[in-house]
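Enquirer: got a predicted structure plus its sequence, pasted below:
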Number of protein chains: 2
Amino acid sequence: MQVFVVLLWAVLGLCAGQKPCCTPDQWEGTIQELQGFLVDDKLGTVDGSVEVSYDFTNQKLALTENLNETGSGNTKLRVIQDYKKGMQYVIQGNSCMEIVLKGSMRKQCIPDNATHIGSFSLGGMAAEGLECDSFMTTVAGNHNTYAISDMTRDGCYPVTQLSVNLIREHSTVTTQVFTDVTAGIKDPSVFIPPEPPCDKVMLEDTTELGSDVLKRVRQTFEQFI
Amino acid sequence: MQVFVVLLWAVLGLCAGQKPCCTPDQWEGTIQELQGFLVDDKLGTVDGSVEVSYDFTNQKLALTENLNETGSGNTKLRVIQDYKKGMQYVIQGNSCMEIVLKGSMRKQCIPDNATHIGSFSLGGMAAEGLECDSFMTTVAGNHNTYAISDMTRDGCYPVTQLSVNLIREHSTVTTQVFTDVTAGIKDPSVFIPPEPPCDKVMLEDTTELGSDVLKRVRQTFEQFI
């Protein structure tokens, strides 16, 4: 009987957390990012940090990027997306643009068709380590494009994400480490655009605005192709 | 007085872990590795895992690599280094080579001249997160070669390491995530080479043997240039 209980516990324990999960509906944190990419047949990098406030409950996202890119130098950029208003704001220095935002906000989830590729702990014996699950998202038949997302077993908080894309013209290898992630939104004013009002811009497709990081952060844990 | 004690504690707490540290003398774990590199003007990758047994006390290192490399395919390789005997063994499939190993084993430490670039926690509110310190190792005046090493505040266990090298002919951007790291050596037989005895090879410089990962793992947290 004891063996049965232990076995049952072991099986349940093994299964728990193996299913694709969704991050909490409200979280804040900083992404430490390193990307290698091709430019003029040389390997260039993007490195730096992105502060993220993700609020699915209120359909809002705010990003503060501070990135260094080979060839472009340092970029500081703030982006606020308000899906209920259908507006996004791009703030750089003293300039602010208001741009139409189409579509609805997608919930940050590991895709249903992702594969659970393992469980592990981070940090060794220190503080008993941090239990994580690792999920791989691929496109059928394509080994040159994939993402590996490591999430905490407890709560589905993002920990690291590796993304490889070798098929597009702009080949990239990207690492994101999610630091100081906490639940909830401490100060909702991060979603308030600056006064005076931003300049209105009639762009509707915003994917080319700012750096690629906006696209990556928006697509984090989503089906990325 | 209470305020003074709290302040003192805060200052000591802030300073603790900010100095470069050394990993425990004996640890085991798995490195999940992703590297982007240039090959034929295209971005290639090395990805996979390396099981590590690091025993500075007994001057031994064992690695089991399982890596996929663009252009080369899958490589499974086992390397055992015994610094007291001055021997290393490279095992691939049924073949085993015994190679002279020169020099003494270096202790795994963040270099003294590394810069503490920040402290953070991993894993959000889950399990209270994992407190880490981040150290940057650079070469004076060279912004194209650096490493960022994230270590646990408690115990100096390796968590992640990012390395960028854009100056050599073989430019690389490398990420290592250290999973399931535990203190001590569970089974010292990982350091015993296979029977029958390995073929003796008269090479003395082993840096070109196996994949680059051996070099990287040996140099982990060392002054890497």
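Expert: Thanks, I have the structure now.
Enquirer: can you list the low-confidence ranges for chain A?
Expert: Segments of chain A classed as low confidence (criterion: pLDDT under 70) are A:1-17, A:125-128, A:168, A:202-225.
Enquirer: for it, which segments count as strands?
Expert: Secondary structure of chain A (DSSP state E): strands at A:26-39, A:42-55, A:60-69, A:73-82, A:87-92, A:95-100, A:115-122, A:130-139, A:142-152, A:158-165, A:172-183, A:199-201.
Enquirer: neighbouring strands of the last one in the sheet, and parallel or not?
Expert: Sheet pairing for strand A:199-201, assigned by DSSP bridges, gives strand A:95-100 (parallel).
Enquirer: what do you get for the fifth one?
Expert: For strand A:87-92, the paired strands and their directions (DSSP bridges) read strand A:73-82 (antiparallel), strand A:95-100 (antiparallel).
Enquirer: quick revisit: dump the strands of chain A to JSON lines, plus mean neighbour count.
Expert: Bear in mind the C-beta positions are built from the backbone N, C-alpha and C, glycine included. Below are the strands of chain A laid out as JSON lines (neighbours: other CB atoms under 10 Å in any protein chain shown):
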{"stretch": "strand A:26-39", "mean neighbour count": "21"}
{"stretch": "strand A:42-55", "mean neighbour count": "20"}
{"stretch": "strand A:60-69", "mean neighbour count": "20"}
{"stretch": "strand A:73-82", "mean neighbour count": "18"}
{"stretch": "strand A:87-92", "mean neighbour count": "19"}
{"stretch": "strand A:95-100", "mean neighbour count": "16"}
{"stretch": "strand A:115-122", "mean neighbour count": "18"}
{"stretch": "strand A:130-139", "mean neighbour count": "20"}
{"stretch": "strand A:142-152", "mean neighbour count": "21"}
{"stretch": "strand A:158-165", "mean neighbour count": "23"}
{"stretch": "strand A:172-183", "mean neighbour count": "23"}
{"stretch": "strand A:199-201", "mean neighbour count": "12"}
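Enquirer: what would the ones you listed look like in TSV with distance to B:G93?
Expert: Conversion of the strands of chain A to TSV gives the following (distance: least, CB to CB, whole Å):
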stretch	distance to B:G93
strand A:26-39	32
strand A:42-55	32
strand A:60-69	43
strand A:73-82	49
strand A:87-92	55
strand A:95-100	57
strand A:115-122	25
strand A:130-139	27
strand A:142-152	24
strand A:158-165	28
strand A:172-183	29
strand A:199-201	61
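Enquirer: what bridges to the closest residue to A:F178 other than its chain neighbours?
Expert: Distances taken as CB to CB, 6 or more residues apart in numbering or on different chains place A:P158 nearest to A:F178, at 4.2 Å, with adjacent residues excluded. In this entry, A:P158 is beta-bridged to A:M151, by DSSP bridges.
Enquirer: tell me if I'm right that A:P158 and A:T23 touch.
Expert: Yes. Assessed by CB atoms under 8 Å, A:P158 is found in contact with A:T23 at 6.0 Å.
Enquirer: can you pull the contacts of A:Q176?
Expert: For A:Q176, the contacting residues are A:31-33, A:158, A:160-163, A:216, A:220, by CB atoms under 8 Å, 6 or more residues apart in numbering or on different chains.
Enquirer: make it 7 Å
Expert: A:31, A:33, A:160-161 (CB atoms under 7 Å, 6 or more residues apart in numbering or on different chains).
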